[in-house]
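Undergrad: sharing a sequence plus its predicted fold:
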Amino acid sequence: MDFSIIKISLSSLWRNRLRSFLTIAGIVIGIMAVIIVFSAGEGLRGLIMSQVESWGSDFIEVEAKVPSAAQASSANAMGQASITTLKNQDAEAVAKAPNIKDVYSTVMGQAVAVTDQDSDVIQLWGTTASFLNIDSGKVAVGRFFTNEEDKSLARVAVLGSEAKTKFFGDSDPLGKSIKIGKHNFKVVGVMASKGAIMYMNMDEFIYLPLNSLQKLIMGIDHVSFIVAKLKNPALTAATADDINLLMRDRHNITDVDKEDFAVTTMVDAIDNLNKILGGISLLLIAIAAVSLIVGGVGIMNIMLVSVTERTSEIGLRKAVGAGQNKIMLQFLWEAVFLTFTGGIIGIIFGIGLSFVVSLAANSQGFNWVFVVKPMSLVWAVGVSVLIGLVFGLYPARKAAKLDPIEALRFE
């Protein structure tokens, strides 16, 4: 390898270092975006998987769903349909399926909660007494409500850890009253801190018996979703099919397009999430690719300007014996060095910003793992060098083909 060519290339770039730095800005942004996309994708995937594990993988969810047939399009002029056909009785029927170990129903709402210490709108989680048999949550102090209390519309409440602090501070809330809506509820327990799951902070909720929330506060008789725990996870797909048939029969549905429910297994949920994450990653990579192409065009433009400015220099070098290959290699080295430097700077900034993203996510209670795969770094460097070769080739060839006599005459 003729290192004198590399030395000449670097010397030329250093003489115009400000222009060189500005030229690689597009490459820096593009490579930085690629690193962040890969890192954030892995972090988000890890977060989702950890939350799936916190819920458990041996369950099936049945949720209310807007039918996909004409019923959905005409449900509401604003495109928002209220599906009220999913009932707790459906959960009781699901519980009788052979591979079902336990079931709970849930409806979520909100109301103003008042104590001597605070008053605010609070998120409410109405559920059946079997909730803790399936969910990974634990009661830290006191107890959870019973099935009898649920059926009798008992006015009892279990506080999430942050809800307890908000409304009772450091004092013991057990046995005390909290007014929710128009009714006073007796606090019988406090949940252990659980943190955020997906987009919900479970510690901010107040847990009420399902019937109490439905009848006393919300004035409804339907539920949002049903969760069933499996005896044998190996039979998940078959059990989901059985529940689908059961729900169609209970809701008198013969047309699949008119189903007002959706049965989802954890395998389905993970597949759907992976598709969503994959689509988002492709979109962001496409945006980064546009930035890289713009950066490449910028490099080509600057290299063409450089060829024009250094026409006399090129003519002189040819006059003293430099062949076309050496001239072309000189300008190719300049383009590759620019993009390689941009790639390295982009990697450094990308890793730094990815680390900041992980810190910000963890500060909000998310279990976000900082991940930068070595392959993404190799890919970033390779792409940056390739851009230098592709977009530097035309200016390099143009410089190499200049006629030495005409070049020496150029002013």
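TA: Looks like it came in fine.
Undergrad: list the buried ones in the top strand by length along the chain?
TA: In the chain, taking DSSP state E as the definition, the longest strand is strand 100-114. By neighbour count with 16 or more other C-beta atoms under 10 Å, strand 100-114 contains the buried residues I100, D102, V103, Y104, S105, T106, V107, M108, G109, A111, A113, V114. (Each C-beta comes from the backbone N, C-alpha and C, glycine too.)
Undergrad: could you dump those into TSV and include pLDDT and distance to K194?
TA: TSV is the format used below for the buried residues of strand 100-114 (pLDDT from 0 to 100; distance: C-beta to C-beta, whole Å):
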residue	pLDDT	distance to K194
I100	94	24
D102	94	19
V103	95	21
Y104	96	16
S105	95	20
T106	95	15
V107	95	19
M108	94	16
G109	93	19
A111	94	21
A113	94	19
V114	93	25
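Undergrad: turn those residues into CSV, including distance to L210.
TA: Formatted as CSV, these follow (distance: C-beta to C-beta, whole Å):
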residue, distance to L210
I100, 18
D102, 15
V103, 12
Y104, 9
S105, 6
T106, 7
V107, 7
M108, 11
G109, 11
A111, 15
A113, 18
V114, 22
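Undergrad: nearest to V372 among the residues you listed?
TA: When these are compared for distance to V372 (C-beta to C-beta), M108 wins out at 37.2 Å.
Undergrad: now do the contacts for that closest one.
TA: With contact set as C-beta atoms under 8 Å, 6 or more residues apart in numbering, M108 has these partners: Q123, L124, W125, G126, S224.
Undergrad: run the chain-centre distance for stretch 363-382.
TA: Averaged C-alpha coordinates place stretch 363-382 at 14 Å from its chain's average position (C-alpha atoms, centre = their mean, to the nearest Å).
Undergrad: and the end-to-end length of that stretch?
TA: End-to-end distance of stretch 363-382 (C-alpha to C-alpha, to the nearest Å): 34 Å.
Undergrad: touching it from outside, list them.
TA: With C-beta under 8 Å, 6+ apart as the test, stretch 363-382 has contacts from 31, 34-35, 38-39, 42-44, 46-47, 50-51, 195-196, 201, 340, 343-344, 346-347, 350-351, 354-355, 357-358, 361-362.
Undergrad: what segments of the stretch 101-250 of the chain are helices?
TA: In chain order, the stretch 101-250 of the chain shows helices spanning 131-134, 147-151, 161-168, 210-212, 236-250, with DSSP state H, counting those that start in this stretch as the criterion.
Undergrad: and the longest one with strand 100-114, angle?
TA: In this case it means helix 236-250. 70 degrees (axes from the mean of the first three to the mean of the last three C-alpha atoms, to 10 degrees).
Undergrad: highest neighbour count among the contacts of M108?
TA: Each of the contacts of M108 was scored by neighbour count (other C-beta atoms under 10 Å); the top score is that of G126, with 28 neighbours.
Undergrad: so how far is G189 from that residue?
TA: Using C-beta to C-beta, to the nearest Å, G126 is found at 15 Å from G189.
Undergrad: could you do V62 as well?
TA: Distance from V62 to G189, counting by C-beta to C-beta: 27 Å.
Undergrad: same question for A335.
TA: Between A335 and G189 the distance is 68 Å, computed by C-beta to C-beta.
Undergrad: and if you look at I287?
TA: 48 Å.
Undergrad: just to revisit the earlier point, partner strands of the longest strand of the chain, with direction?
TA: Strand 100-114 pairs in its sheet with strand 119-127 (antiparallel), strand 177-180 (antiparallel), strand 225-230 (antiparallel), by DSSP bridges.
Undergrad: what is the mean pLDDT for the last one?
TA: Computed over strand 225-230, the mean pLDDT rounds to 94.
Undergrad: also the longest one?
TA: The predicted model assigns strand 119-127 a mean pLDDT of 94.
Undergrad: quick check: angle from that strand to helix 161-168?
TA: Here strand 119-127 points in a direction 140 degrees away from that of helix 161-168 (the same axes, to 10 degrees).
Undergrad: residues of stretch 347-362 that come out buried?
TA: Across stretch 347-362, burial judged by 16+ other C-beta under 10 Å covers I347, F349, G350, I351, L353, S354, V357, S358, A361.
Undergrad: between V62 and G189, point out the one with more neighbours.
TA: Per other C-beta under 10 Å, whichever of V62 and G189 has more neighbours is V62, with 25 against 19.
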